[in-house]
Every structure is written in structure tokens, then in C-alpha cells.
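>>> let me see the structure of the following:
(one chain, ligands or ions: 1)
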Amino acid sequence: MKKIIVAIDGYSSSGKSTMARELARRIGYVYVDSGAMYRAVTLYAIRHGMAGGGKIDRDALVAALPGISVTFEPAGADGVQHTLLNGEDVEREIREMQVSSHVSPVAEIAEVRERLVRLQQEAGEAKGIVMDGRDIGTTVFPDAEMKVFVEASPEVRARRRLRELEQKGAEANYEEVLENIRTRDHIDTTRAVSPLRKAADAHVLDNGRLTPAEQMEWLQNLYNTISNE
Ligand code: DC
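Alright, predicted model coming up:
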């Protein structure tokens with residue numbers, strides 16, 4: 001079996017991170033949640049007064065970029081890999097609504113993307129990696145051996161996201177979550193730099209129709225086939 005790069009892209013709250021993390025665990029690969037990196041930079045902007053009302057002070061954030069580091073701590077006892085912002089564990093905070101509401105405009109900034117894409121490419125140099133995001137199969141690793149594009153309707157994704165937030169004890173309502181997903185879909189697919197789109201050679205997974213167990217079986221089979229080629 002050869003070591004490969006697995007790129008999993010899709011819309012927000014499509015369940016791709018859960019699948020990507022589980023696949024990496026099963027096959028002993030490193031898992032990188034690229035969305036967490038954009039979220040961490042967004043949290044930095046919020047904490048430093050560069051964000052408000054869905055808007056970002058682009059110039060201030062670009063100037064601050066050299067002083068922002070985003071790294072990961074390997075999965076601990078809870079099985080979840082934690083995101084570190086300048087060494088501080090921010091895994092919980094980056095999932096909150098305030099970050100979700102400001103992350104799309106941050107991810108539109110070319111300088112932010114350039115920097116994070118470079119870090120992502122470095123993480124994949126030795127292969128043996130599963131990375132999920134929006135532009136992994138198109139921009140970060142256009143030569144990835146295995147590319148998956150996850151699809152699900154906004155309503156299916158809003159219900160999933162609401163469940164996640166409720167389980168974490170966060171306050172949210174369905175309409176607000178659905179609206180946030182629609183807004184992010186729009187920004188993610190229409191932005192000038194690296195918009196979300198399916199790579200021509202990606203395999204499509206419609207997860208509105210499959211159970212989580214069926215999705216994992218589908219992914220595992222695809223991985224087995226490709227890594228044995
Ligand atoms: O997957 P997520 O919801 O955690 O991603 C957060 C945001 O980051 C989302 O609005 C899109 C953006 N993103 C991106 O532009 N490129 C990536 N590779 C990953 C995420």
C-alpha cells in the first residue's frame with residue numbers, strides 16, 4: 001500500500017470533518033482540519049478588535065499575520081485534535097457562532113489564504129495525510145491521489161449543525177443556523193480566491209442519502225482501491 005494524500009472538500013456542516021477524522025484514525029494517517037485554521041485566524045481578529053458586525057479590518061489583519069501561528073496538538077484522550085492559536089488551545093472557542101459569523105470574510109483575504117495554504121502544503125509533504133476543507137483538492141493538493149467532494153442540502157446541514165451546537169450546550173436556533181449556512185455557502189462559492197468547487201477528478205459523496213456507517217464504508221473502500229493501485 002502506498003502512502004497517499006486524501007483531500008476531502010465540501011460545504012460547511014456537511015459532516016466532512018467527522019468522516020475525515022475517522023478515516024485518518026482507521027488508516028493511521030495525520031488529520032488536518034483546514035477550516036479550523038481559518039477559524040483560529042478569525043478568533044485572533046475578533047480578540048484584537050479587527051472584527052465586528054460581520055466585517056473584518058482587512059489591513060490590520062494582514063499586518064498582524066506574521067505574528068499569528070496556528071498549530072495542532074495530536075488527538076488526546078477525547079480523540080479530538082486540538083487547534084492551537086499562538087500556543088493556546090482554542091478548540092472550543094473557534095466553534096462558537098461569533099467565529100462562524102466572521103470566518104467567511106477572513107477566508108476571502110488573499111494574504112490569509114496564501115499563508116494558510118503554504119502551511120497546509122508543508123503538512124502534506126510526507127503524504128500519509130487526510131485534510132478537509134474547501135479548496136484542498138483544487139488548490140492545496142491539486143495532485144492528491146484521492147479527492148472526495150461531500151454534498152448535502154442546506155437543510156440537512158443546518159439540522160446537523162444545530163444538533164452539534166445543542167450537544168455542546170451552545171445557544172442557537174434553526175433559522176439562525178440555516179441562514180448562517182446559506183450565507184457562508186454563498187461567500188464560499190463566489191469569492192475571487194479559491195472558491196469552493198468540485199475538482200474535476202473528485203468522487204462525489206451525497207451524504208444526505210447515506211448513514212454515517214455507510215459513508216465510512218464508502219470512504220474506506222475508495223481509499224483501499226486507490227492506495228492499492
Ligand atoms: O469547515 P469549516 O466550517 O470549519 O470552515 C470554516 C470557514 O473557513 C468556512 O467559511 C470556509 C473557510 N474555509 C476555506 O475557505 N478554505 C478551507 N480550506 C477551509 C475552510
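>>> skip the chain neighbours and tell me the closest residue to the spatially most central residue of the chain.
When CA atoms, centre = their mean is applied to the chain, the residue found nearest the centroid is Gly35 (3.0 Å). Counting by CB to CB, 6 or more residues apart in numbering, the nearest residue to Gly35 once its immediate chain neighbours are dropped is Gly133, at 5.7 Å. All C-beta atoms are positioned from the backbone trio N, CA, C, and that covers glycine.
>>> show me what contacts that neighbour?
Contacts for Gly133 (CB atoms under 8 Å, 6 or more residues apart in numbering) come out as Ile8, Asp9, Asp33, Ser34, Gly35, Gln120, Val140.
>>> is the strand or helix carrying the residue nearest to the centre of the chain anywhere near the ligand?
Assigning secondary structure by DSSP states H and E places Gly35 in helix 34-47. Yes - Helix 34-47 comes into contact with the ligand when judged by CB under 6 Å from any ligand atom, the residues involved being Ser34, Gly35, Tyr38, Arg39.
>>> also stretch 153-165?
No - judged by CB under 6 Å from any ligand atom, stretch 153-165 makes no contact with the ligand; its nearest approach is 9.0 Å.
>>> please apply the same query to stretch 70-83.
No - Stretch 70-83 stays clear of the ligand (CB under 6 Å from any ligand atom), getting no nearer than 10.1 Å.
>>> and for stretch 182-201?
Yes - contact of stretch 182-201 with the ligand is found when judged by CB under 6 Å from any ligand atom, involving Arg184, Asp188.
>>> from Glu175, how far out is Ala7?
Taking CB to CB, to the nearest Å as the measure, Ala7 falls 33 Å from Glu175.
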